[in-house]
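Student: got a structure for you, letters missing:
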């Protein structure tokens, strides 16, 4: 399962990515070091993940570019 308030990877998030991610309603905050997701997203993610949906699919359905957030 994907952790909710962890650094996305050892690679820093670029300023361009910060601007894009900041527009997502499920992002509470974002910096060069990581993304903090909203409580709504965390609850939604947990429910869907527990029902068997893959993390990658949940993120995509919530408007995230999975390559940008480094979900390969």
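Tutor: Arrived safely, thanks for sending. All values derive from a computational prediction rather than experimental measurement. Residues are numbered from 1 along each chain as shown.
Student: Adjacent strands (with direction) for the host helix or strand of residue 28?
Tutor: Following DSSP states H and E, one finds residue 28 within strand 27-30. Partner strands and pairing direction for strand 27-30 (DSSP bridges) are strand 35-37 (antiparallel).
Student: What distance do you get for the residue of the chain positioned farthest from its centre to residue 58?
Tutor: Centroid-distance maximum for the chain: residue 51 at 18.8 Å, with CA atoms, centre = their mean. From residue 51 across to residue 58, the span is 10 Å (CB to CB, to the nearest Å). Heads up, the C-betas are built off the backbone N, CA and C, glycines and all.
Student: what's the distance between the residue lying closest to residue 48 once chain neighbours are set aside and residue 69?
Tutor: Nearest residue to residue 48, sequence neighbours excluded (CB to CB, 6 or more residues apart in numbering): residue 58, at 5.0 Å. As for residue 58, its distance to residue 69 is 12 Å (criterion: CB to CB).
Student: What of residue 57?
Tutor: For residue 57 relative to residue 69 (CB to CB), the value is 13 Å.
Student: The two: who's more crowded?
Tutor: Neighbour count, other CB atoms under 10 Å: between residue 57 and residue 69, residue 69 has more, with 19 against 12.
Student: Give the phi and psi angles for the more buried one, as a check.
Tutor: Backbone torsions for residue 69, taken as degrees, to the nearest 10, come to phi -90, psi 10.
Student: got the residue ranges for the helices in the protein?
Tutor: 15-22, 39-50, 55-61 (DSSP state H).
Student: so where's the chain uncertain?
Tutor: 1-9, 72 (pLDDT under 70).
Student: what do you get if the cut-off is 90, keeping everything else the same?
Tutor: 1-11, 69-72 (pLDDT under 90).
Student: hang on, the earlier thing: does the residue nearest to residue 48 touch residue 49 like I think?
Tutor: Yes. Under the criterion of CB atoms under 8 Å, residue 58 makes contact with residue 49 at 6.4 Å.
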